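1. This is the structure alone, sequence omitted:
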């Protein structure tokens, strides 16, 4: 542990310029954030012309009729327009908040709120909670109309919306309540660990964050998910039999098999698993069950269980821990730099003892370009995991010595095509746009890879004969 702290101290020494050099941090944040937004807008403009193509990629010509393809193109075009406008709008608001010192104003307002109840600024955690609430309210005001438009205009236009105005408001209030009930204690504990551990907070805070992630894995399916969707045990039948048999053969620790009423809000389809290493739950959308045959849903689940078999969630968790460690390791240099806060219009009194939540929020803004690059790297890693899971589904007959699963790759291909047709997913995708935004390979890429996996396997089988 001493070695770790000595290395962290050496890093802080290298970052000492943050506290000594006169740097216009507000200007740099403005430049960084606008650079990321304009780059994302550029990617949308690269992607947009592809929505004018009149036929699908060659590999998909036999699977998409003209009507389905036209609907997919129109949906993608409308989503791109919405993303471009909302992205620029949100950035303009964020830029205005920075320029006019709204964060400093919010901190002072939070101080006034707790002072009304008889507490002084010495109660930093209490003021930080009030600060978070003030910022949440300010940021929610413009986001609600955008969310309503997306749900009741964009999604409604293309036949996906099943959300009523009453359900929209109910979901909004529920999400706010959950954010308050979970977010406020989490933030208080987060800040307490900072104060308790002092300059040696990094390992303690990482342990706290990891514990919180594990707790959320436990309480999400039992407490949070039921507030929004109904999880019902999957009915007895061919799909349940196939799924339980597949899980048993793979020694997947299946505890519950659910059907979720995703159609309550949307026509989109999906399937996923979650849980602790020794207790897993599989959830299948009712829309997927309705639109696909049992053997095709089984193929989708074989892909999902491929993620479990190759330990992809665990690997991503480890990567995220390295990411978090890097951020926390650099943060003290900004936490102990009064002029860093002064650059964002905070008073000399506040900047002299920088509040942890404020310094951390501004520090994250500084990291925005780096986070964009890291996002591309994580997407690349995620796509590699998707290839592995697809290959696992293709080769599952060999792993389980189950000849009846020899067509699993073909079944997965049919299921993916059905999902893309029903979800009106984009078929023509610019490579750079995909690298930045997509954690999954495109449908064309996946179908070609599945064909290659199957051909390679068939060639190997012939050689053995």
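-> Nice, I can see it. Since the structure is predicted, the reported quantities are computational estimates derived from the model, not experimental observations.

2. all strands for this protein, in order.
-> 231-233, 254-260, 271-276, 279-285 (DSSP state E).

3. Residue 72 is nearest to which of the ones you listed?
-> Closest to residue 72 of the strands of the chain, according to Cβ to Cβ: strand 279-285, at 19.5 Å. Backbone N, C-alpha and C define where each C-beta goes, glycine included.

4. What strands line up against that closest one, and which way round?
-> The strands beside strand 279-285 in its sheet (DSSP bridges) come out as strand 254-260 (parallel), strand 271-276 (antiparallel).

5. Looking at these, which is nearest to residue 190?
-> Closest of the strands paired with strand 279-285 to residue 190 is strand 271-276, at 23.1 Å (criterion: Cβ to Cβ).

6. What are the contacting residues of the closest one?
-> 214, 217-218, 220-221, 253, 255, 280-285, 288, 297, 300-301, 304-305, 307-308 (Cβ atoms under 8 Å, 6 or more residues apart in numbering).

7. Repeat that for stretch 81-90.
-> Residues outside stretch 81-90 that contact it (Cβ under 8 Å, 6+ apart) are 37, 40, 41, 44, 45, 142, 143, 146, 149, 150, 154.

8. In ChimeraX, how would I select the buried members of those?
-> Selection of buried members from the contacts of stretch 81-90 for ChimeraX, criterion 16 or more other Cβ atoms under 10 Å:
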select :37,40,41,44,150,154
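
9. ok, back up a step: possible to save the strands of the chain as TSV with distance to residue 404 and mean pLDDT?
-> As requested, the strands of the chain are exported to TSV (distance: least, Cβ to Cβ, whole Å; pLDDT from 0 to 100):
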stretch	distance to residue 404	mean pLDDT
strand 231-233	26	89
strand 254-260	20	91
strand 271-276	21	85
strand 279-285	20	90
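
10. Compare the ones you listed and report which one is nearest to residue 3.
-> Of these, nearest to residue 3 by Cβ to Cβ is strand 271-276, at 31.9 Å.

11. Show me what counts as buried in that closest one.
-> Buried-residue list, strand 271-276, by 16+ other Cβ under 10 Å: 271, 273, 275.

12. Show me which of the residues you listed is closest to residue 434.
-> residue 271 (22.5 Å).

13. Tell me who's in contact with the residue lying closest to that closest one once chain neighbours are set aside.
-> Setting aside the residues directly before and after it, residue 271 is nearest to residue 284 in space (Cβ to Cβ, 6 or more residues apart in numbering), at 4.7 Å. Taking Cβ under 8 Å, 6+ apart, we find residue 284 in contact with 234, 239, 257, 258, 259, 260, 271, 297, 301.

14. May I ask which of these has the most neighbours?
-> Neighbour counts for those peak at residue 301, which has 26 neighbours (criterion: other Cβ atoms under 10 Å).

15. Now do the contacts for that one.
-> Going by Cβ under 8 Å, 6+ apart, residue 301 touches 243, 246, 271, 282, 284.

16. List just the nearest of those to residue 334.
-> Comparing those against residue 334 with Cβ to Cβ places residue 271 closest, at 42.1 Å.

17. still on that earlier bit, among the strands of the chain, which comes closest to residue 453?
-> With Cβ to Cβ as the criterion, residue 453 lies closest to strand 271-276 of the strands of the chain, at 20.6 Å.

18. thinking again about what came up before, is it possible to export the strands of the chain to a markdown table including distance to residue 83?
-> Shown next, in a markdown table, are the strands of the chain (distance: least, Cβ to Cβ, whole Å):
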| stretch | distance to residue 83 |
| --- | --- |
| strand 231-233 | 31 |
| strand 254-260 | 27 |
| strand 271-276 | 24 |
| strand 279-285 | 24 |
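
19. so which of those gets nearest residue 60?
-> Closest of those to residue 60 is strand 271-276, at 21.8 Å (criterion: Cβ to Cβ).

20. if we can go back for a sec, any chance of the strands paired with strand 279-285 in JSON lines, plus distance to residue 389?
-> Listed next are the strands paired with strand 279-285 as JSON lines, based on distance: least, Cβ to Cβ, whole Å:
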{"stretch": "strand 254-260", "distance to residue 389": "17"}
{"stretch": "strand 271-276", "distance to residue 389": "12"}
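
21. Which among those strands is found nearest to residue 357?
-> Of those, nearest to residue 357 by Cβ to Cβ is strand 271-276, at 29.8 Å.

22. excluding its backbone neighbours, what's nearest residue 389?
-> Of all residues not flanking residue 389 in the chain, residue 306 sits nearest, at 3.5 Å (Cβ to Cβ, 6+ apart).

23. Could I get the contacting residues of the one you found?
-> 388, 389, 390, 391, 392, 393, 396.

24. Could you do residue 289 as well?
-> Shown in contact with residue 289 (Cβ under 8 Å, 6+ apart): 239, 259, 297.

25. right, and out of the residues you listed, which lies closest to residue 201?
-> residue 259 (43.8 Å).

26. Can you name the residues that contact the nearest residue to that closest one once chain neighbours are set aside?
-> Leaving out its chain neighbours, the residue that sits closest to residue 259 by Cβ to Cβ, 6+ apart is residue 234, at 4.8 Å. With contacts defined as Cβ under 8 Å, 6+ apart, residue 234 is in contact with 240, 243, 257, 258, 259, 284.

27. which one of the residues you listed is nearest residue 62?
-> For these, the nearest to residue 62 is residue 284 (27.2 Å; Cβ to Cβ).

28. so what's that closest one bridging to?
-> residue 259, residue 271.

29. and it, how far is that from residue 263?
-> According to Cβ to Cβ, to the nearest Å, residue 284 stands 12 Å off from residue 263.

30. Residue 135: how many residues sit nearby?
-> Counted with other Cβ under 10 Å, residue 135 comes out at 19.

31. all helices for the stretch 1-150 of the chain, in order.
-> With helices called from DSSP state H, counting those that start in this stretch, the stretch 1-150 of the chain shows them at 2-14, 17-20, 25-47, 66-99, 102-116, 124-149.
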